[in-house]
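Colleague: structure here, sequence nowhere to be found:
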């Protein structure tokens, strides 16, 4: 399934390098990819024309290589849009072309909007980054009481909670609301110690949004409209499913099954999950509006003569907090809803986003006034590849062919992560009624397993989605939900009935049988 996550380096523990990095940050020094004796030369108009032509040619080929039906790209230089164009179609097999005003879901690039709202509250002295979350939201509770007490507001968006990556995300697919997801944090067991390793999470952005809502008296969505969209003139940008569905110039969502790309039906029952997780990834926009957001970053939080967010707050959310990897070719650091990547001639600040069918990349180099946004309607690593390729072209860096490199890496990962094959001679399952019953998990609630005409079905979540359990090997079954194959294994008790089952969500999630008491 698609999450808001981006495929980034494997997490590592803190190191001496990172301690040095933090010391530099504390001293107010922004690390650089390399020592620069001379500021980089901007390309001449003639050179820029060739760069953009070469980049467009590269982008068109990448779109073909990644099988992306449609995309839109915009580039900003010196507070001006120097390139804005749509490519391909809104829906595969259709004729309606993507243009610079086509709306896409922007996924996790929404996170920086939430971080900006939090920063505005800090600027207004509603709370401080170092304040404990529990002192402002008494409903906030982690599995470990010590972590609950020590969890600061700055930790909410720094991706070092100690939880497994994306833990609990499927609650949104099951229809649970933001309050339920925040409450469920207390049941999620940590995988590492607090603040020790990078692990990508969406749920804590709901907590950040709850802080904004408490101290503003308005919803997260209303805060976006009044504090960011309206001042920036982002008139086409929205934050809701209804708005996305009502948009006239809008891209379809697509998924790839095997080698075939297809559009996701408009009546797919899981469209709402993106907007339940809205503060982590629920904004809809186009490249022209996103260039206004890019320009705000490059102008250090200033719009014309008005400072929307203080430079100090902007620096804070764009400064490294968590090391993400030590591979020099992919080294990055997570900030607060932004990623900091050493690059040449200066570091890049970026974030990507993936929903169930759209993929986004936003990246800029603050020291040079240059930025790029790529919106696409298929979940691939093409947008990131195009952004990094553009910066290499613009600054005449050695050619790395980012698209080719990422395609090869993707194929290696797919070959390594193939689903398990059913045994040649699988053991037959027990009669279906042996597995039937109601089972509960404190995070995901109740799931009912029911036999119907010698088949076994599972009913999931508040939406009561019904899926068929396909026999795999004795007490193991597979089912397709929401858009990938899931394995479930039943544990059989002494009475020859299922006592529990585990599902390979979040590394393994157990549901225990509920024995309903008879009514008197």
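Modeller: Yes, it's here. If you're wondering where the values come from, they're calculated on a predicted model, not measured in any experiment. Numbering: from 1, shown residues only.
Colleague: tell me how far the residue nearest to residue 381 when sequence neighbours are not counted lies from residue 364.
Modeller: Leaving aside its chain neighbours, residue 381 sits nearest to residue 406 (4.5 Å; criterion: C-beta to C-beta, 6 or more residues apart in numbering). For the C-beta atoms, the positions are set from N, CA and C on the backbone; glycine is no exception. Relative to residue 364, residue 406 is positioned 20 Å away (C-beta to C-beta, to the nearest Å).
Colleague: circling back to that earlier point, wait, the residue nearest to residue 381 sits on residue 387?
Modeller: No: Residue 406 is beyond contact range of residue 387, at 11.3 Å (criterion: C-beta atoms under 8 Å).
Colleague: how near is residue 315 to residue 304?
Modeller: For residue 315, the distance to residue 304 - C-beta to C-beta - is 21 Å.
Colleague: ok, then the element right after the least confident helix or strand in the chain by mean pLDDT?
Modeller: When the helices and strands of the chain are compared on mean pLDDT, DSSP states H and E, helix 16-26 comes out lowest with a mean of 37. Downstream of helix 16-26, the first helix or strand assigned by DSSP states H and E is helix 45-65.
Colleague: what about the next helix or strand along the chain from that next one, distance to the chain center?
Modeller: Proceeding N to C from helix 45-65, the next assigned helix or strand is strand 70-77, under DSSP H and E. When distances are taken as C-alpha atoms, centre = their mean, to the nearest Å, strand 70-77 is centred 20 Å away from the chain's centroid.
Colleague: whichever helix or strand comes after strand 70-77 pairs with which strands?
Modeller: Next helix or strand after strand 70-77 toward the C-terminus (DSSP H and E): strand 80-88. Pairing partners of strand 80-88, with direction, according to DSSP bridges: strand 70-77 (antiparallel).
Colleague: pLDDT on the strand it pairs with, on average?
Modeller: Strand 70-77 shows a mean pLDDT of 98.
Colleague: ok, now stretch 337-357?
Modeller: 97.
Colleague: now for residue 127: which residues touch it?
Modeller: 121, 136, 153, 211, 215 (C-beta atoms under 8 Å, 6 or more residues apart in numbering).
Colleague: so for stretch 356-375, what gets flagged as buried?
Modeller: 356-366, 368-375 (16 or more other C-beta atoms under 10 Å).
Colleague: distance between that stretch and the chain's centre?
Modeller: That offset, for stretch 356-375, works out to 14 Å (C-alpha atoms, centre = their mean).
Colleague: got the end-to-end distance for that stretch?
Modeller: 14 Å (C-alpha to C-alpha, to the nearest Å).
Colleague: for stretch 234-248, same thing?
Modeller: So stretch 234-248: terminal residues 17 Å apart, C-alpha to C-alpha.
Colleague: check which residues of the one helix or strand residue 500 maps to are buried.
Modeller: Taking DSSP H and E as the definition, residue 500 sits inside strand 498-503. For strand 498-503, the neighbour count (16+ other C-beta under 10 Å) marks 498, 500, 501, 502, 503 as buried.
Colleague: which elements pack onto that strand?
Modeller: strand 437-441, strand 485-492, strand 509-513 (3 or more C-beta pairs under 8 Å, 6 or more residues apart in numbering; DSSP states H and E).
Colleague: partner strands of it and their direction?
Modeller: strand 485-492 (antiparallel), strand 509-513 (antiparallel).
Colleague: tell me which of those strands lies nearest to residue 220.
Modeller: Relative to residue 220, the nearest member of the strands paired with strand 498-503 by C-beta to C-beta is strand 509-513, separated by 27.7 Å.
Colleague: any idea of the mean pLDDT for the closest one?
Modeller: 96.
Colleague: quickly note the distance from residue 473 to residue 499.
Modeller: 19 Å.
Colleague: go on, residue 205?
Modeller: 36 Å.
Colleague: helices along the stretch 301-450 of the chain, start to end?
Modeller: Secondary structure of the stretch 301-450 of the chain by DSSP state H, counting those that start in this stretch: the helices cover 311-317, 382-394, 402-416.
Colleague: which stretch among these is buried most, on average?
Modeller: helix 382-394 (a mean of 24; mean count of other C-beta atoms under 10 Å).
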